[in-house]
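J.: Could you look at this predicted model? Sequence included:
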Amino acid sequence: MSTEHVDPGHGHSPAAWTAVVIMLVAFTIGTVAFFLDVQWLVWASAVLLVIGLVVGWALARAGYGVDGDKVAPKAH
């Protein structure tokens with residue numbers, strides 16, 4: 001077992017933040033729509049949730065993920 005600590009990054013990247021914001025908006029809209037019994041909007045928010053996942057994945061693949069080519073590391 002290694003004693004070296006490797007920081008996994010914890011999602012501090014533009015890709016992670018964008019995906020989480022999109023998914024939080026989708027979840028909020030879906031919750032309100034469910035409460036107001038607007039079924040089509042609940043399903044639309046579910047689609048938006050999946051879109052948030054895809055956007056995060058695409059941005060990570062484009063270099064905006066943790067340790068990506070287009071992300072400048074921050075000094076701690």
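T.: Here it is on my side, so go on.
J.: From here on, just use CA atoms for contacts and neighbour counts.
T.: Noted.
J.: Check which helix or strand the residue most central in space within the chain maps to.
T.: What sits nearest the mean C-alpha location of the chain, by C-alpha atoms, centre = their mean, is Ala19, with 2.2 Å. When elements are assigned from DSSP states H and E, Ala19 belongs to helix 14-35.
J.: looking at it, the residue nearest to the centre of the chain is touching Val55, isn't it?
T.: Yes - if you go by C-alpha atoms under 8 Å, Ala19 and Val55 touch, sitting 6.2 Å apart.
J.: hmm, back to that, what residues sit buried inside the helix holding Ala19?
T.: Neighbour counts using 16 or more other C-alpha atoms under 10 Å place 14-16, 18-20, 22-23, 26-27, 29-30, 33 of helix 14-35 among the buried residues.
J.: and if you look at stretch 35-55?
T.: Leu41, Val42, Ser45, Ala46, Leu48, Leu49, Ile51, Gly52, Leu53, Val55.
J.: Nearest to Lys70 among the residues you listed?
T.: Nearest to Lys70 among the buried residues of stretch 35-55, counting by C-alpha to C-alpha, is Val55 at 16.0 Å.
J.: Against Trp40, how distant is the closest one?
T.: 22 Å (C-alpha to C-alpha, to the nearest Å).
J.: that older thread, as CSV, the buried residues of stretch 35-55 with pLDDT, distance to Val71 and secondary structure would be great.
T.: Below are the buried residues of stretch 35-55 laid out as CSV (pLDDT from 0 to 100; distance: C-alpha to C-alpha, whole Å; DSSP: H, G, I helix; E, B strand; the rest coil):
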residue, pLDDT, distance to Val71, secondary structure
Leu41, 98, 35, helix
Val42, 98, 35, helix
Ser45, 98, 29, helix
Ala46, 98, 29, helix
Leu48, 98, 25, helix
Leu49, 98, 24, helix
Ile51, 98, 22, helix
Gly52, 97, 20, helix
Leu53, 97, 19, helix
Val55, 97, 16, helix
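J.: could you redo these as CSV and give each row distance to Ala62?
T.: Output for the buried residues of stretch 35-55, formatted as CSV (distance: C-alpha to C-alpha, whole Å):
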residue, distance to Ala62
Leu41, 31
Val42, 30
Ser45, 25
Ala46, 25
Leu48, 20
Leu49, 20
Ile51, 16
Gly52, 15
Leu53, 14
Val55, 10
